[in-house]
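# Take a look and give me a structure for this.
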Amino acid sequence: MERVEYREEPCRVALNRVKGMPFPWSLNPYMGCAHRCTFCYVRAFELRADRPFGEAYGRSIRVKVNVAEVLRAELARRTWKRESVSIGAATDPYQPVEGRYRLTRTCLEELRDARTPFHIITRSPLIVRDVDVLAEAATRAKVSVSFSIPTLDEEVWRTTEPGTPPPRQRFRALRRLVDAGIDAGVAVAPVLPGISDRPEQLRAVVEAAREAGAAHLWASVLHLRPGTREHFLAELARDWPGHLADYEQLYAKRAYLRAEQTAPVRKLVARLRHEAGPPAERPRPLRPAPEPEQLALTLE
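Okay, here's the model as predicted:
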């Protein structure tokens with residue numbers, strides 16, 4: 001296992017204003033992510049901030065030890081309008097270190113007490129530990145969770161998400177949250193052209209989401225900004241060299257593929273979602289959640 005350094009550093013700000021996104025605020029109890037996914041879009045922003053974005057990314061994690069106290073003060077301000085907060089847009093709030101520091105849980109408690117709506121993005125089943133806080137918060141404000149599960153293909157998962165728990169564990173966690181009455185669903189993201197976009201691969205994710213009772217499901221295709229691009233292509237050259245030339249051509253002049261290039265994946269997922277129908281135990285269909293082209297990328 002790779003050695004990870006954890007740096008306990010206080011923060012001055014907990015909530016970060018986000019512009020041009022479906023949510024106005026982001027919250028990240030940690031900076032850096034031990035999951036070290038090869039496609040992580042945050043690598044691009046680490047490059048811009050002159051921080052390690054390649055192999056070194058995710059090996060040094062900043063732990064914002066006072067983040068809950070700072071958040072409490074920010075939520076107590078008269079100017080706070082209880083706008084929606086996205087948690088986990090720049091680093092997974094339930095990466096392994098959360099088991100020790102519990103910063104995400106204490107932040108959820110503050111949001112609950114302040115009756116503030118929030119959305120969580122995670123790849124970790126550790127979130128079930130906080131099902132009590134999530135369920136109580138959901139009685140006071142809108143609460144939702146998206147599990148990022150791009151694929152059930154074991155080779156693709158092990159190769160591209162080296163530090164994450166198995167996808168099946170995430171689906172079991174999703175079921176636990178749904179059974180607790182929490183609005184939880186699946187983000188099939190990112191889909192990797194030629195690697196994880198085959199119909200049978202996507203069908204497996206959609207059907208597992210239905211079985212787990214997912215309330216929403218959406219998909220997006222990989223984008224590669226500078227920083228992420230260099231690292232991902234280097235990993236691709238090692239793991240799937242036969243795809244390298246195709247990716248270099250696809251992403252030669254742009255970070256995001258054109259709409260007509262991503263349309264086949266979006267249409268396929270929409271069809272599979274329709275065919276899957278409602279969850280077996282809940283009379284509600286898998287509905288598409290708002291599909292951002294990218295997640296919040298604001299780092300303190």
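
# what about His119, which helix or strand?
If you go by DSSP states H and E, His119 is part of strand 118-122.

# Distance of Lys267 relative to Leu202?
Distance, Lys267 to Leu202, using CB to CB, to the nearest Å: 11 Å. Glycine gets a C-beta too; all of them are placed from N, C-alpha and C.

# hang on, the earlier thing: quick check: next helix or strand after the strand holding His119?
Downstream of strand 118-122 (by DSSP H and E), the next one is helix 131-138.

# Show the model's pLDDT score for the nearest residue to Asp153 once chain neighbours are set aside.
Nearest residue to Asp153 in three dimensions, chain neighbours excluded: Gln201, at 5.5 Å (CB to CB, 6 or more residues apart in numbering). Predicted confidence (pLDDT) for Gln201: 98.

# again, but for Glu2
pLDDT, Glu2: 65.

# With Met21 instead?
Listed pLDDT for Met21 reads 78.

# circling back to that earlier point, for the residue nearest to Asp153, which residues are in contact?
151-153, 156 (CB atoms under 8 Å, 6 or more residues apart in numbering).

# Now rank those by neighbours and give me the top one.
Thr151 (23 neighbours; other CB atoms under 10 Å).

# ok, that one - contacts?
Per CB under 8 Å, 6+ apart, neighbours of Thr151: 157, 167, 188, 196, 201, 204-205.

# Next, it: secondary structure please.
Following DSSP: H, G, I helix; E, B strand; the rest coil, the label given to Thr151 is coil.

# could you measure Ala219 against Glu74, distance?
According to CB to CB, Ala219 and Glu74 sit 34 Å apart.

# in this structure, which ranges drop under the pLDDT threshold?
Along the chain, the parts satisfying pLDDT under 70 run over 1-2, 279-300.

# So which residues of it form strands?
In the chain, the segments counted as strands under DSSP state E are 5-8, 15-17, 25-27, 30-31, 60-63, 85-87, 118-122, 143-148, 183-191, 217-221.

# Would you reformat these as a markdown table and include mean neighbour count and distance to Arg51?
As requested, the strands of the chain are arranged in a markdown table below (neighbours: other CB atoms under 10 Å; distance: least, CB to CB, whole Å):
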| stretch | mean neighbour count | distance to Arg51 |
| --- | --- | --- |
| strand 5-8 | 12 | 12 |
| strand 15-17 | 17 | 17 |
| strand 25-27 | 25 | 18 |
| strand 30-31 | 22 | 9 |
| strand 60-63 | 18 | 9 |
| strand 85-87 | 26 | 21 |
| strand 118-122 | 24 | 21 |
| strand 143-148 | 24 | 22 |
| strand 183-191 | 23 | 22 |
| strand 217-221 | 23 | 25 |
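
# export those strands to a markdown table and tack on distance to Val128?
Below are these laid out as a markdown table (distance: least, CB to CB, whole Å):
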| stretch | distance to Val128 |
| --- | --- |
| strand 5-8 | 23 |
| strand 15-17 | 25 |
| strand 25-27 | 20 |
| strand 30-31 | 19 |
| strand 60-63 | 22 |
| strand 85-87 | 16 |
| strand 118-122 | 11 |
| strand 143-148 | 11 |
| strand 183-191 | 11 |
| strand 217-221 | 20 |
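
# Not counting sequence-adjacent ones, nearest residue to Val178?
Gly213 (3.9 Å).

# I am finished for the moment; much appreciated.
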